[in-house]
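Peer 1: All I have is the shape, not the residue letters:
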C-alpha cells in the first residue's frame, strides 16, 4: 500500500540543516491502523505530509498503491491527493464562511462532481457521522467535536484509501477526543488505511502498530 | 471543477469578507461611472453642436462672392474686385436640377421705427424660401410672399424680440413700420428661438431681397443659401453652381461654395477627440480601482493562507487556485462595473433633468469600454495575487506560518 524507500527530507533553518526525515523506510499494508508517536520536532508531521504528498522529498522513493509517486508532476500529485488521500487536521481547517455541508462538499466540488451526486454523497457522509441535523450550521455554530466530525466527513467523502490524521484530538476535550478516535477506528474497520499522529500514549496504543520517531528517524 | 461552482465559490468568498467587498465594488463603480459621465459630457457637446448645425437646415450649400483662395499667379495689375452676386445670378441658379430651393440673403443695418420707438436692427433681405431653408418658425401671421426674386414689395417679418420691443403686447400684424426712409407693413412675427450660430433671429427684420437692395442702394447679394434635393446631390449641386455662375461671369470662377458638412465634420472631429480624451482621463480611475483590487486580493491571499493550504490538501492543483482567485477578482470587478453602469446612467438621467437642452448621452462604445476595461483590470491585477496564492507551500500554509 505505502512503501517508503530510504526517504530524506531536510530543511534549512538559518545556516543549519535540519533532518526532518532521515533515511526513513516504511512498509504499510492495506487497511492497517498505525499510530506515529514521538516528541515534538521528531518528524511525525513531516512524515505524514510526505505521505500526503504535501511535501517534496529530497531523496528516496515513495510508492503508493504500487505506483511510484515520487516523480509525479504537481498536477498529477494533486490528482493522487484528491483521489486517494484524506486529511484530518488538529485545527480542523474548516472554511468559516461555508456551512458544514458545503465544507464537506468542497473536495467533490474541486473534483468536478455534479450537483446531484455531490448532494447524495455529502448527505451520506454527514449521516454516517450523525451530523445530518448540523448540515446547515457554520463552523462557529459547532462544538469542537462536531467540527472535527465535519472535517472527517470531508476527508472520507471522496472515498480515499488512506486517511492521514495529524493530532486530530489535540484541540478537543477528552470525551470528544475519544469519540473522534472511535469514528476513525470504525472507518479503519471498514477498510481504510489509517495513519494517526499523536503524542497521547493512551490513544497511540490502540493502533495495530506504533511507529516511534526521534530526530527524523523511525525507531524500531 | 465546474464553472458554476467556481463562480459560487467566488461569491461565497465575496460575502465572507463584506467590508473589503463593498470597498472594492465602490472603487470599481466610481471608476466606471466616471467614464460614463465624462464621455457622455463629451458626446453631449458633440450632439449639441450637431443639433445647432442642423437648425441651419440640412443639405445646405453656402455661396459667397469672391474666392478666398490664394494662387501662385502674379498679383493682378489692375485692382480687380470680385464680381458681385446679383439677384439675376440667383434666378439663374434655380435652373440646376439638383437645387431644391435657394434663398439669397442681403444684409445691412438700418433704424426701424414704429411711432416714437426706434431701434437700430439688422435687416435681412431674402425670399419666401428662406423660411424652409433656415427652418424658421412663425408665431403669428405669414412669411414673405412667394414671388419673383427680383420683385420688391413693402412687407416685412419681425423677429420675436424686435416685435416685443416695438409693439409690446399690442398686435403688430398689418401695422406699418418705418425702415430708414421706406415704409413696410408687418405681415408676420417669428417664434422665439435661441441663437443659432451667432445669428440671433429674434432681433432681425426680414423683407424681400429686392426691397432690401433698394433700401441699401446696392444690387449685390451677401450670401446665397442653396438647399439640395438630397445629401448625395451636394457635390453635383456644387459643380452646377460653380458652372452657372462662371458662365454668367465671363468664365471667371469667382465664388466660394461652402458646405455645411465640411464645417460640421470639423467640429465633429474635434469633439470626438474631446470625448475620447475625457474617457481616457476617467479610465485612470479604473486603473486605480484595478490596483486596489490587486492590493485587496493580496491581503485576501494572506488572510486565507490556511484556506489555500487546505484546498491544496484536498487536491486542488496550482491552476485551480489561480482560477479561483481570478474568478473572485473578475466577479468583484464585474459586479462593480455593473453598479458603476447603474450609477453612471442614473447620473446622466439626473443631469439631463437639470440641463434639458444639453443631450447627456453616453456613447455605446463608452459603455462597452468601461465594463471591458473594468473586467480586464480586475483580471490583470488579480493575476499577481492569484499566482502568489497558488505558489504557497501547502505545509507552511496549513500551519498558518
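Peer 2: Here it is on my side, so go on. The model shown is predicted, which means the values in this text are computed figures rather than measured ones. Numbering: from 1, shown residues only, chains lettered A, B, ... in the order given.
Peer 1: Tell me which helix or strand the closest residue to chain B within chain A sits in.
Peer 2: Using CB to the nearest CB, residue A:82 is the residue of chain A that sits closest to chain B, at 2.5 Å. (Each C-beta comes from the backbone N, C-alpha and C, glycine too.) Secondary structure assignment for residue A:82, by DSSP states H and E: helix A:74-84.
Peer 1: tell me the mean pLDDT over that helix?
Peer 2: When the per-residue pLDDT values of helix A:74-84 are averaged, the result is 93.
Peer 1: just to revisit the earlier point, now do the contacts for the residue of chain A closest to chain B.
Peer 2: Listed by CB atoms under 8 Å, 6 or more residues apart in numbering or on different chains, the contact partners of residue A:82 are A:107, A:110-111, A:158, B:314-316.
Peer 1: now those in CSV, with secondary structure and neighbour count?
Peer 2: Below are the contacts of residue A:82 laid out as CSV (DSSP: H, G, I helix; E, B strand; the rest coil; neighbours: other CB atoms under 10 Å in any protein chain shown):
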residue, secondary structure, neighbour count
A:107, helix, 28
A:110, helix, 23
A:111, helix, 18
A:158, coil, 22
B:314, coil, 24
B:315, coil, 24
B:316, coil, 26
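Peer 1: Same list as before, these that is, but in JSON lines and with pLDDT and distance to residue B:117 included.
Peer 2: As requested, the contacts of residue A:82 are arranged in JSON lines below (pLDDT from 0 to 100; distance: CB to CB, whole Å):
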{"residue": "A:107", "pLDDT": "95", "distance to residue B:117": "94"}
{"residue": "A:110", "pLDDT": "93", "distance to residue B:117": "90"}
{"residue": "A:111", "pLDDT": "92", "distance to residue B:117": "94"}
{"residue": "A:158", "pLDDT": "93", "distance to residue B:117": "99"}
{"residue": "B:314", "pLDDT": "93", "distance to residue B:117": "94"}
{"residue": "B:315", "pLDDT": "91", "distance to residue B:117": "95"}
{"residue": "B:316", "pLDDT": "93", "distance to residue B:117": "90"}
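Peer 1: do you know how far the residue of chain A closest to chain B is from residue B:308?
Peer 2: For residue A:82, the distance to residue B:308 equals 16 Å [CB to CB, to the nearest Å].
Peer 1: so residue A:53 sits in a strand?
Peer 2: No - counting by DSSP: H, G, I helix; E, B strand; the rest coil, one finds residue A:53 to be coil, located in no strand.
Peer 1: what's the burial count for the nearest residue to it once chain neighbours are set aside?
Peer 2: The shortest distance from residue A:53 to any residue that is not its chain neighbour, by CB to CB, 6 or more residues apart in numbering or on different chains, is 4.8 Å, and that residue is residue A:77. Here the neighbour count serves as a burial measure; for residue A:77 (other CB atoms under 10 Å in any protein chain shown) it reads 20.
Peer 1: Isn't residue A:77 up against residue A:54?
Peer 2: No - counting by CB atoms under 8 Å, no contact exists between residue A:77 and residue A:54, whose distance comes to 9.0 Å.
Peer 1: Any idea how far whatever helix or strand residue B:348 lives in is from the middle of the chain?
Peer 2: Of the helices and strands defined by DSSP H and E, residue B:348 is found in helix B:318-354. Chain-centre distance of helix B:318-354: 29 Å, with CA atoms, centre = their mean, to the nearest Å.
Peer 1: any idea which helix or strand comes after it?
Peer 2: Immediately after helix B:318-354, counting by DSSP H and E, sits helix B:364-390.
Peer 1: What mean pLDDT does that next one get?
Peer 2: 89.
Peer 1: Kindly report the same for stretch B:271-281.
Peer 2: Mean per-residue pLDDT for stretch B:271-281: 87.
Peer 1: ditto for stretch B:144-161
Peer 2: In this model, stretch B:144-161 has a mean pLDDT of 90.
Peer 1: in a helix, that's where residue A:194 is, yeah?
Peer 2: No - secondary structure assignment (three-state DSSP) places residue A:194 in strand, not in a helix.
Peer 1: ok, it - contacts?
Peer 2: Residue A:194 sits next to A:32-34, A:162-163, A:165, A:184-185, A:187-188, A:207 when contact means CB under 8 Å, 6+ apart.
Peer 1: which of those residues are buried?
Peer 2: The neighbour-count test (16 or more other CB atoms under 10 Å in any protein chain shown) applied to the contacts of residue A:194 identifies A:32-34, A:162-163, A:165, A:184, A:187-188, A:207 as buried.
Peer 1: Now render those residues as JSON lines, adding distance to residue A:102 and secondary structure.
Peer 2: Compiled in JSON lines, the buried ones among the contacts of residue A:194 are given as follows (distance: CB to CB, whole Å; DSSP: H, G, I helix; E, B strand; the rest coil):
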{"residue": "A:32", "distance to residue A:102": "32", "secondary structure": "coil"}
{"residue": "A:33", "distance to residue A:102": "30", "secondary structure": "strand"}
{"residue": "A:34", "distance to residue A:102": "32", "secondary structure": "strand"}
{"residue": "A:162", "distance to residue A:102": "25", "secondary structure": "strand"}
{"residue": "A:163", "distance to residue A:102": "21", "secondary structure": "strand"}
{"residue": "A:165", "distance to residue A:102": "22", "secondary structure": "strand"}
{"residue": "A:184", "distance to residue A:102": "23", "secondary structure": "helix"}
{"residue": "A:187", "distance to residue A:102": "22", "secondary structure": "helix"}
{"residue": "A:188", "distance to residue A:102": "27", "secondary structure": "helix"}
{"residue": "A:207", "distance to residue A:102": "32", "secondary structure": "coil"}
